[in-house]
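S.K.: compute the structure for the input listed below.
(chains A and B)
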2 protein chains.
Amino acid sequence: MTHYRAPLDDFRFVSESLVPALTSNAVADVWPTAQIVLESAARICEHVLAPLNRSGDESGCRYQAGQVSTPPGFGAAFEVVRSCGWLSSGEEGEDAAITTATAFCFDEMLAGANVAFSNYLGPTKRVAQALRTLADPQLAGTYLPALLSGRCGGTLCLTEPHCGTDLGLINTRAEASDAPGEYALTGTKIFVTSGEHDLTENIVHLVLARIAGAPGGVKGLSLFLVPKLRPQTAGRGPARNAVACTGIEHKMGIRASATCTLSFEGARGILLEPAGGGLRAIFSIMERERLTIATQSVGLAEHALQKARAYARERLQGRAAGAAAAAHLPADPIIVHADVRRMLLTMKAYVEGARALLLWTAHFIDVSRHASDEERRSDAREVAQLLTPMAKAFVTDICTEATNLGMQVLGGHGYIRESGIEQLVRDARVTQLYAGANGIQALDLVARKLPARDGRAFELLMRSMDESLAAFAESATLTPLLRAVRDGIEKLRSATSFLRQEMPRDANLAGSAGYAYLQLFGYVALGMVWAHAAHIAQQRTLKLDGTFAEDFWTAKTVTALFYVQHLMPNVERCLASIRAGSGVTMQLGTEAF
Amino acid sequence: MTHYRAPLDDFRFVSESLVPALTSNAVADVWPTAQIVLESAARICEHVLAPLNRSGDESGCRYQAGQVSTPPGFGAAFEVVRSCGWLSSGEEGEDAAITTATAFCFDEMLAGANVAFSNYLGPTKRVAQALRTLADPQLAGTYLPALLSGRCGGTLCLTEPHCGTDLGLINTRAEASDAPGEYALTGTKIFVTSGEHDLTENIVHLVLARIAGAPGGVKGLSLFLVPKLRPQTAGRGPARNAVACTGIEHKMGIRASATCTLSFEGARGILLEPAGGGLRAIFSIMERERLTIATQSVGLAEHALQKARAYARERLQGRAAGAAAAAHLPADPIIVHADVRRMLLTMKAYVEGARALLLWTAHFIDVSRHASDEERRSDAREVAQLLTPMAKAFVTDICTEATNLGMQVLGGHGYIRESGIEQLVRDARVTQLYAGANGIQALDLVARKLPARDGRAFELLMRSMDESLAAFAESATLTPLLRAVRDGIEKLRSATSFLRQEMPRDANLAGSAGYAYLQLFGYVALGMVWAHAAHIAQQRTLKLDGTFAEDFWTAKTVTALFYVQHLMPNVERCLASIRAGSGVTMQLGTEAF
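M.R.: Okay, the predicted model is just below:
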């Protein structure tokens, strides 16, 4: 069995060279700071969290009488993470030196090492983010330090048994209480990640609920903060709030992550936003959560790639076409076979491409936070919002596929639990489902983000892409890449025009063509990433050390060419599917399926 | 939770109308006989086996001191199946009335109900098949009745810890013993499906081993029959042979199927073929096993489709684009949403298409067994051998994808064990791995089956396809289908010529382009299937009853159109990938990956 290694070299390459090239940006060199944070975190991921990954899966979480026990070792590991200050140092916003891009690297390697464990940190960071932006100083003062120090966990309580996607159906009710701003919440929330566990003293829940008398639908939703333990009052300890964990789910994967059902029985909660602004208030929190989920799938696929690569170098089976590669051995390592290389190169193209796509997205978020003029900030925010649903769905799709390819490289051995790769496959599968199933991301992209402000964000992104391609040097290697990307961009533009023209006439087009459009967008974006990666590799503008560098650069160029030859042709299929319209998709009666 | 229902209507449609149309064949009407067998078997699948599917997964098999216990209920269910004579009546060869096509339907519904359970029957049928063709009458008389009555199980022992694909590396040794034709076998076999269990009195193992002094590689392999219990001798009961189960694998799925490690310690075995003919001897057995695996994936995907469809009709979430479909309810059933329909139609196109593709392949096997003249028999055999690796890999790929789409329809609920669909996903995943990982199927197709006898099988199949298309009536609905299929066939021909021309010059092309070629072949074959399905639906040559029929025919036409518009465009991508050659795939040094 191989062990997970954080891909620090690729983090550096993407942060220091690739994203600046993609954005034509001579950004402030943040890598030296990021490197310090990421290198020390990498050691903990590799040596503390990765060793608990399989045992955590085998034990799972245990539920008894309202209590949830995390697997053996999780408590001690959480103490290490807590004492290193990861809940603040691994997150932008708290530490000025941490960019969103760095936080994404952080999240990726956390998930690569132990994705179930990472689920005890992610929602906590999201609740901290919410308190920073939504809570008054007193409330923030009560909970933020505890969240950031890891003494208190956080959760997002949205889904109910009868509604997930359609939050307008939420039934959880909030009744005003005697105390000003305080409400009594009653209802059931399901699929609450880390809703109850034994890692922190307290847990605060962000809850979407409907104030008595509020209208139906999403406009009637408000956002509340509901602590498990309410602050102590004079002379008495903290009081248990009326929220109970009534069970945990038994899942395909992320078995060490507690997915809880919470019952609110008149639990005291504090209104965070003007009543009725609940959904708007958590919008940016959910957007960020979606990208965190995408980083999880990259981490899992990176881990699978490491396992598959190691197996392909060690496993002896068959002989290379032509002459034996290792005549002194009974057979050649399977990495000599073209079909095994096809799988490994597909994995590399997807994993490294997805990482770059996410850090490219992170760049826009960073600009939206730090740029000096408001227009640049707001432009970047719109582009990031456009990219988010695409990145969430496309990255989790291709990375889950990559993880499955990793299993395929191991053949039957990959199906055995001992190999560890089948757990990665099971763990990865949820990334396509949670924080909005991928079909919902496609709808969000096509029906909301794309038409917003008359398609402005798309035009801004296209302009940024054109600008970066203008700096492209042509050569025998690079020109075919450039041509393929330009062709992809043209098809993306054409599909976008088609949708913008036809959607007003065909109410079902967003739903029928959205997924293919999202994929088309993704394949073109990955083409951009790989063309620039090859460009840098040819120019070697980044100084890497010694012999390693040579292999690194060759691999980037070869993977780029492989992507353009073997994977990018998917754009044709997407375009054909989009242009087919919604007629056939909508034709069948409900009973005829 | 929905329960599995055997798709008898579709079995009938494909058997009675679709395969005859695909093969321009007025075949003997075997459906009335098949219907009797399949209808009674369907009841047992639905009422006896399906209810044990989830409990079997939860319990798994247990290993203790050489013994393997199957999950609670499996013993009683096996008695039912045994007493119904399924080991003979569900298999061609034993019962003259059973065609291979019928046996495939049988296997599909067995797997749809409980794929792990089906693994106690499949290998037994394969061993019976081997004894019929390879054993002398006395040996066959000793074991065949017990195998066919289910008193004895069977296994295929090929893989060893250091070799799976590359059987030439097999180490298990056979030493001649005193008794003529008897050998003492020593070695370790892994991944032996049903290698040990508590369902039958005895188990016979088909073992590939190397006779002492035989050459290395596959030419030195011989095939032996090794019973767990040797026949009783005068006055004494059956004697335990020196073969021991030393453990079972813990797997991602098919957890109720015992995957065993067997240790042969001088176990007595009988040579089945002239020494050195081991691999050739099991060739047709493995070919048949590959297709059984493919039927398993169809059964699992059919079950997933049933669950997803039921969920999509019941789950209320959001409103239809345009006007509400169920204004009296709080929300519309999600089947109104185009993106949900996209997933369901993709599943239908893959599942029903894959079923037809397998029964089309079965037709050639049946002709190869029953046609009156030798030339037709031998032509059909060659076509079946060409289709087998393609069908195994393409069907298991698209059906595993369909099963995953079923989970996607359920969203987060699909990830929960209770939904039952996550088990289908875990169970389906192995079909891409066992009986030859799918990459190996692509190599078999391109490097062995395609060039055999100068491409004769491919030409025979093309001619058969052209013939069937000649009978195609054109119409506004059908002409676009016909055009798409003709275009696909042209691309398949072009890719085939390219490979046949370039493979002699490029030793790695079979490996680098094989998978894309297999997929191209698959998409075109499925296009044939769907075009003919729509053709029949338009003509309604099959008389179905009442209102059901209307929906059935509409669904066939709509699914065919959906396939051609949204899935068939994959052929372009495959062709581009094939034409790219092996240069980039082979470029990277082993250490640079």
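
S.K.: what sits against the residue positioned nearest the centre of chain A?
M.R.: Nearest to the geometric centre of chain A sits residue A:294, at 1.9 Å (CA atoms, centre = their mean). Going by CB atoms under 8 Å, 6 or more residues apart in numbering or on different chains, residue A:294 touches A:354, A:358, A:391, A:392, A:395, A:396, A:399, A:431. C-beta: built from backbone N, CA, C; applies to glycine.

S.K.: what does residue A:323 give?
M.R.: Counting by CB under 8 Å, 6+ apart, residue A:323 has no contacts.

S.K.: and residue A:356, by the same measure?
M.R.: Per CB under 8 Å, 6+ apart, neighbours of residue A:356: A:14, A:18, A:19, A:22, A:529, A:533.

S.K.: what's the farthest-apart pair in the residues you listed?
M.R.: The span of the contacts of residue A:356, defined through CB to CB, is set by A:19 and A:533 at 10.8 Å.

S.K.: how long is stretch A:234-246 end to end?
M.R.: End-to-end distance for stretch A:234-246, by CA to CA, to the nearest Å: 31 Å.

S.K.: close to chain B, is that stretch?
M.R.: No: if you take CB under 8 Å from any CB of the partner chain as the test, stretch A:234-246 misses chain B, and the best it gets is 14.9 Å.

S.K.: touching that stretch from outside, list them.
M.R.: Contact with stretch A:234-246 is made by A:63, A:66-68, A:185, A:188, A:195-196, A:202, A:205, A:226-233, A:260-268, as judged by CB under 8 Å, 6+ apart.

S.K.: for stretch A:35-51, same thing?
M.R.: Residues outside stretch A:35-51 that contact it (CB under 8 Å, 6+ apart): A:3-6, A:8, A:11-12, A:77, A:80-81, A:84, A:86, A:89-90, A:97-98, A:102, A:105-106, A:109-110, A:112-114, A:117.

S.K.: pull out the buried members of the residues you listed.
M.R.: Buried residues within the contacts of stretch A:35-51, counting neighbours by 16 or more other CB atoms under 10 Å in any protein chain shown: A:4-6, A:8, A:11-12, A:77, A:81, A:84, A:86, A:89-90, A:98, A:102, A:105-106, A:109-110, A:112-114, A:117.

S.K.: which of the residues you listed fall in helices?
M.R.: Those of the buried ones among the contacts of stretch A:35-51 mapping onto helices are A:8, A:11-12, A:77, A:81, A:86, A:89, A:102, A:105-106, A:109-110, A:112-114, A:117, per DSSP state H.

S.K.: for chain B, see how far away residue A:368 is.
M.R.: 29 Å (CB to the nearest CB, to the nearest Å).

S.K.: tell me which element that residue is part of?
M.R.: Using DSSP states H and E, residue A:368 maps to helix A:338-370.

S.K.: picking that back up, which among the contacts of residue A:294 gets closest to chain B?
M.R.: residue A:431 (10.3 Å; CB to the nearest CB).

S.K.: isn't that closest one right up against residue A:401?
M.R.: No: the criterion here is CB atoms under 8 Å, and residue A:431 misses it with residue A:401 at 11.6 Å.

S.K.: and these two? which has more neighbours close in?
M.R.: residue A:431 (32 against 17; other CB atoms under 10 Å in any protein chain shown).

S.K.: identify the residues contacting that one.
M.R.: A:293, A:294, A:296, A:297, A:300, A:396, A:399, A:400.

S.K.: swap in 6 Å and give it another go.
M.R.: Each residue near residue A:431 by CB atoms under 6 Å, 6 or more residues apart in numbering or on different chains is listed here: A:293, A:296, A:297, A:396.

S.K.: by neighbours, which of the residues you listed wins?
M.R.: Top of these by neighbour count (other CB under 10 Å): residue A:297, with 32 neighbours.

S.K.: how much space between it and residue A:332?
M.R.: Using CB to CB, to the nearest Å, residue A:297 is found at 32 Å from residue A:332.

S.K.: tell me the SS of residue A:153?
M.R.: Look at residue A:153: counting by DSSP: H, G, I helix; E, B strand; the rest coil, its state is strand.

S.K.: that one reaches residue A:205, doesn't it?
M.R.: No: Residue A:153 is beyond contact range of residue A:205, at 9.4 Å (criterion: CB atoms under 6 Å).

S.K.: pLDDT-wise, which helix or strand of chain A ranks last?
M.R.: The weakest-scoring helix or strand in chain A, judged by mean pLDDT, DSSP states H and E, is helix A:86-89 (a mean of 84).

S.K.: helices or strands up against the host helix or strand of residue A:204?
M.R.: Using DSSP H and E, residue A:204 maps to strand A:202-211. Judged by 3 or more CB pairs under 6 Å, 6 or more residues apart in numbering or on different chains; DSSP states H and E, strand A:202-211 is in contact with helix A:122-134, strand A:152-157, strand A:173-176, strand A:221-227.

S.K.: for chain B, find the nearest of the ones you listed.
M.R.: So among the helices and strands packed on strand A:202-211, strand A:152-157 is nearest, using CB to the nearest CB, at 13.2 Å.

S.K.: what does that closest one rub up against?
M.R.: A:123-124, A:127, A:146-147, A:189, A:192, A:194-195, A:200, A:202-207.

S.K.: run the last query once more with 7 Å
M.R.: With contact meaning CB atoms under 7 Å, 6 or more residues apart in numbering or on different chains, strand A:152-157 is reached by A:120, A:123-124, A:126-128, A:143, A:146-147, A:189, A:192-195, A:197, A:199-208, A:262.

S.K.: and if you look at stretch A:271-290?
M.R.: Identification of contacts with stretch A:271-290 by CB under 7 Å, 6+ apart yields A:126, A:129-130, A:134-135, A:167, A:181, A:183, A:206, A:208, A:211, A:214, A:218-225, A:385, A:388, A:392, A:435-436.
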